[in-house]
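Enquirer: Give me a model of this one.
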Amino acid sequence: MESRLNRRQEELIAIVQREGFVGVEDLASHFDVAPQTIRRDLNFLADGGLIRRYHGGVSAPSSVENVAYAARQALQTDEKNRIAASIAAAIPNGSSLFINLGTTNEGVGRALLDHRDLRVITNNLNIAILLSDNPTFEVIVAGGVVRGRDHGVTGEATIELIRQFKVDIGIIGISGIELDGTLLDFDFHEVRVAQAIIEHSRQVFLGADHSKIGRNAMVRLGDFSQVDAWFTDREPPDALRPVLDASGTQVHIAG
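Expert: Numbers count the residues shown, from 1 in each chain. Model (predicted):
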């Protein structure tokens, strides 16, 4: 999915994620457009793996599979870029960092290129290649099994390398956030790497836009008590506020 989504398509995905199953006629009525227009949107989104089509309606992808990497790159791009810039602005020159997988974190990598003297350990080959363009950076790539779909590296060797370090800031992403503060992801191997990053970071920064709230995923990573700062694009819902207050997590609204 090389094309960026328009606002209607992004809102349509949010509705489907919130409701679980939505009919074509209901969506056409909501957006005040012809059913044929909605069907074109749905076909486009289904081809990209962002929704599942059924007779008369659509549902969200299952809790055991994430949206395809190329499709995720087209989702909430403006929001992700603002979040990435906000995270980068909070990182001093000369810091040591973990950066794990995800399209938001790749935006963080781009936003960090103007920094100096960073020491970065990553299991994301895309980020490693990107950051190696800055001659003042030292970039260490975690070994392990490379995933062809997004060039992420996972496995026991990845975790063992991470455990050899204690860094200033660990930067993680997430696939889903429940209203009780539980952080969820789709890949058990990826979650184990993120848990090691949390354990070996003095501070943990989470980059996650509003679309992750209420999104289903099968694997529990942890909760907000393990996160020092959450960088997002909208004010959290009221139901999350007591959880964030109790955990002491700072919330930064980007842009």
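
Enquirer: Assumed residue 58 was part of a helix.
Expert: No: Residue 58 sits outside any helix when classified using DSSP: H, G, I helix; E, B strand; the rest coil, being strand.

Enquirer: what's the closest residue to it other than its chain neighbours in contact with, if anything?
Expert: Spatial nearest neighbour of residue 58, excluding adjacent residues (Cβ to Cβ, 6 or more residues apart in numbering): residue 51 at 4.7 Å. To be clear about C-beta, it is placed using only N, CA and C from the backbone, and glycine gets the same treatment. Contacts for residue 51 (Cβ atoms under 8 Å, 6 or more residues apart in numbering) come out as 13, 16, 42, 45, 58, 59, 60, 61.

Enquirer: if you set the cut-off to 6 Å instead, what comes out?
Expert: 16, 45, 58 (Cβ atoms under 6 Å, 6 or more residues apart in numbering).

Enquirer: okay, how far is it across stretch 190-210, tip to tip?
Expert: Stretch 190-210 has an end-to-end distance of 21 Å (Cα to Cα, to the nearest Å).

Enquirer: can you list contacts of that stretch?
Expert: 76, 79, 83, 87, 98, 100-101, 104, 123, 154, 158-159, 162, 165-174, 185, 219, 221, 226-234.

Enquirer: now stretch 115-130
Expert: 93-101, 106, 109, 131, 136-142, 151-153, 158, 165, 193.

Enquirer: ok, now stretch 220-227?
Expert: 181, 182, 183, 185, 191, 194, 198, 204, 206, 243, 247, 249.

Enquirer: Show the buried residues in those.
Expert: Buried by 16 or more other Cβ atoms under 10 Å: 181, 182, 183, 185, 191, 194, 198, 204, 206, 243, 247, 249, out of the contacts of stretch 220-227.

Enquirer: Give me the lowest-pLDDT entry from these.
Expert: Lowest in pLDDT among these is residue 185, which has 91.

Enquirer: related to what we said a few turns ago, which member of the contacts of residue 51 is positioned nearest residue 211?
Expert: Nearest to residue 211 out of those is residue 16 (Cβ to Cβ; 11.0 Å).

Enquirer: ok, then the element right after the helix or strand hosting that closest one?
Expert: Using DSSP states H and E, residue 16 sits in helix 7-19. Downstream of helix 7-19, the next assigned helix or strand under DSSP H and E is strand 21-23.

Enquirer: just checking, what packs against that next one?
Expert: strand 57-59 (3 or more Cβ pairs under 6 Å, 6 or more residues apart in numbering; DSSP states H and E).

Enquirer: partners of the strand it packs on, with directions?
Expert: strand 21-23 (antiparallel), strand 52-54 (antiparallel) (DSSP bridges).
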